[in-house]
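Student: Need a 3D model of the following:
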Amino acid sequence: MTTTATAPNALESRLAQQIEQFRRDGVYKRFNRLASPQAARVQMEGRGEVIILSSNNYLGLSNHPTVVAAGKRGLDRYGAGTASVRFICGTFSIHRDLEVACARLVGTEAAMSFVSCWNANEALPATVLTEHDLILSDQLNHASIIDALRLAKSITKCETGVYKHGDLAELDAKLAAATDRQVKMVVSDGVFSMEGSIVNLPALLEVCRRHGAILWIDDSHATGVLGTTGRGTAEHFGLVGQVDIITSTLGKALGGAAGGFIAGSATLCDFIAQRARPQLFTNALPATVAASALSAIELLEAEPERVAKLRDNTSYFRHRLQELGFKPLAGETPIIPVILGETAAAIRMSELLLDEGVFATGFGFPVVPQGQARVRCQISAAHSREDLDQALAAFTQVGKKLGLV
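Tutor: Numbers count the residues shown, from 1 in each chain. Sure, this is the predicted structure:
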């Protein structure tokens with residue numbers, strides 16, 4: 001059968017024009033295709049071996065033999081997929097075991113797993129809040145939280161609001177004014193993904209407690225990273241068990257495959273299981289992914305020295321960047337942004353680094369504010385000192401070429 005070409009419709013024409021504008025502006029994103037597992041060094045199609053400085057593989061567990069073997073056993077035991085949602089066709093025991101481990105790790109009574117932390121974040125406020133409630137969000141929270149509040153407002157008619165990044169005086173005033181709200185909830189990233197900064201959890205908790213507000217922390221970039229044993233932001237501040245609700249991901253430090261979870265009281269998690277639409281109408285996390293994530297948590301608990309290695313690598317790389325003349329944002333997390341200003345400049349530096357065998361992604365608007373474009377470096381416990389020194393040499397060469405150092 002032959003088909004006749006038709007003229008582009010209005011949508012196709014508009015999208016094509018916008019994509020062409022992306023190319024002219026130097027902000028068009030291209031996929032770099034990997035031909036090996038995610039690790040400190042990978043094989044990239046057309047480039048050979050490349051050092052990865054753009055991965056959330058903070059503990060180096062994505063290709064750890066124990067984690068991979070656990071996933072294979074999960075595949076053999078439970079099959080490729082769950083075939084339906086958990087309450088319809090049954091839930092695998094591996095999901096229960098994973099959720100027990102997630103709750104244990106972050107210090108809550110219970111947890112519920114989802115196919116992604118994005119799903120978990122969208123599920124939470126839209127499921128538990130009503131038109132009588134208020135939720136306030138830090139200005140720099142992750143896009144999934146921004147969308148979660150939009151969804152909750154649309155579905156439940158709850159009141160939503162934003163406070164300036166880290167401005168607890170503004171948050172305090174907004175909570176104090178909300179005398180007519182039955183439930184007041186505050187949500188913040190534990191580690192802000194584009195800044196690498198850590199929320200002031202003790203002060204935030206104090207404000208929330210003063211106003212009887214529920215505190216929800218998204219710990220996606222803190223789980224496996226912060227705290228002596230990698231239990232996250234709460235452990236970093238000695239506050240394990242004090243945060244009301246924690247959401248996090250299984251797709252970063254915990255093996256990097258996929259999945260996320262909501263952790264909190266047993267009552268909260270039971271209600272989420274009963275009413276959360278992403279839980280009720282989506283297949284569960286594949287058992288092979290659940291099995292590898294569980295193995296990653298157990299490895300983290302058994303080998304906390306991985307967290308210490310990550311911290312050492314981070315400190316070394318940050319200080320050496322400063323010594324070389326770069327100005328990374330201050331901080332102590334393995335997210336190390338080098339601010340360049342314009343989006344095209346960040347993408348250009350990223351491209352030149354890749355030419356030198358270092359993959360560090362450039363970010364610009366709308367991911368970060370206008371004029372705050374950056375190359376974001378992400379350090380892993382899997383990086384050797386040789387990896388880091390080679391990457392630093394590439395930064396020096398590219399920085400001189402661009403007149404940055």
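Student: OK, contacts around Thr333?
Tutor: Neighbour list for Thr333: 191, 196-198, 221-222, 225-226, 314 [criterion: CB atoms under 8 Å, 6 or more residues apart in numbering]. To be clear about C-beta, it is placed using only N, CA and C from the backbone, and glycine gets the same treatment.
Student: Would you tell me what helix or strand it is located in?
Tutor: Using DSSP states H and E, Thr333 falls within no helix or strand.
Student: where along the stretch 101-250 of the chain do the helices fall?
Tutor: Here the stretch 101-250 of the chain has its helices, by DSSP state H, counting those that start in this stretch, at 117-128, 143-156, 168-177, 201-210, 233-236.
Student: what's the angle between the longest one and helix 117-128?
Tutor: An angle of 30 degrees separates the directions of helix 143-156 and helix 117-128 when computed by axes from the mean of the first three to the mean of the last three CA atoms, to 10 degrees.
Student: swap in the fourth one?
Tutor: Here the directions of helix 201-210 and helix 117-128 differ by 10 degrees (the same axes, to 10 degrees).
Student: Counting neighbours, which bits of helix 201-210 end up buried?
Tutor: 201, 204-205, 207-208 (16 or more other CB atoms under 10 Å).
Student: The second one now?
Tutor: Buried residues in helix 143-156, defined by neighbour count with 16+ other CB under 10 Å: 144-145, 148-149, 151-153, 156.
Student: In TSV, list these along with distance to Phe326.
Tutor: Formatted as TSV, the buried residues of helix 143-156 follow (distance: CB to CB, whole Å):
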residue	distance to Phe326
Ser144	30
Ile145	30
Ala148	35
Leu149	35
Leu151	39
Ala152	40
Lys153	41
Thr156	46
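Student: Now tell me what touches stretch 311-329 from outside.
Tutor: Here stretch 311-329 makes contact (CB under 8 Å, 6+ apart) with 195-197, 331-334, 336-339, 377, 379-381, 383, 385, 388, 391-392, 395-396, 399, 404-405.
Student: what residue ranges in this structure score low on pLDDT?
Tutor: Along the chain, segments meeting pLDDT under 70 span 1-7.
Student: ok, and for the helix ranked longest in it, which residues are buried?
Tutor: If you go by DSSP state H, the chain has its longest helix at helix 305-323. Judged by neighbour count using 16+ other CB under 10 Å, the buried positions of helix 305-323 are 306-307, 309-311, 313-314, 316-318, 320-321.
Student: how about the helices of the stretch 251-400 of the chain, start to end?
Tutor: Counting by DSSP H, counting those that start in this stretch, the stretch 251-400 of the chain has helices at residues 266-275, 277-280, 287-302, 305-323, 343-355, 385-401.
Student: Quick one: closest of those helices to Gly251.
Tutor: Across the helices of the stretch 251-400 of the chain, Gly251 has its closest neighbour in helix 287-302 (8.6 Å, CB to CB).
Student: Check what contacts that closest one and list those residues.
Tutor: Residues from elsewhere that reach helix 287-302, judged by CB under 8 Å, 6+ apart: 59, 61, 64, 66-75, 77-80, 82, 92, 94-95, 97-98, 101-102, 105, 113, 224, 229-230, 250, 253-255, 257-259, 285, 306-307.
Student: if we go to 7 Å?
Tutor: Outside helix 287-302, the residues that touch it by CB atoms under 7 Å, 6 or more residues apart in numbering are 59, 61, 64, 66-68, 70-71, 73-75, 78-79, 82, 92, 94-95, 97-98, 101, 105, 113, 224, 230, 250, 254-255, 257-259, 306.
Student: nearest residue to the residue positioned nearest the centre of the chain other than its sequence neighbours?
Tutor: Centroid-nearest residue in the chain: Ser220, 4.3 Å away (criterion: CA atoms, centre = their mean). The shortest distance from Ser220 to any non-neighbouring residue, by CB to CB, 6 or more residues apart in numbering, is to Thr249 (4.3 Å).
Student: Can you give me the neighbour number for the one you found?
Tutor: By other CB atoms under 10 Å, 27 other residues sit near Thr249.
Student: So it sits against Cys117, correct?
Tutor: Yes. Counting by CB atoms under 7 Å, Thr249 does reach Cys117; the two are 3.9 Å apart.
Student: shared neighbours of these two, anything?
Tutor: Among the neighbours of Thr249, those also in contact with Cys117 (CB under 7 Å, 6+ apart) are 220, 260.
Student: Got the domain ranges for this structure?
Tutor: In terms of domains, the chain is parsed into 26-55+304-401, 65-302 (source: automatic domain parsing).
Student: Determine which stretch of these is the most buried.
Tutor: Among the domains of the chain, ranked by average contacts under mean count of other CB atoms under 10 Å, first place goes to domain 65-302 (a mean of 20).
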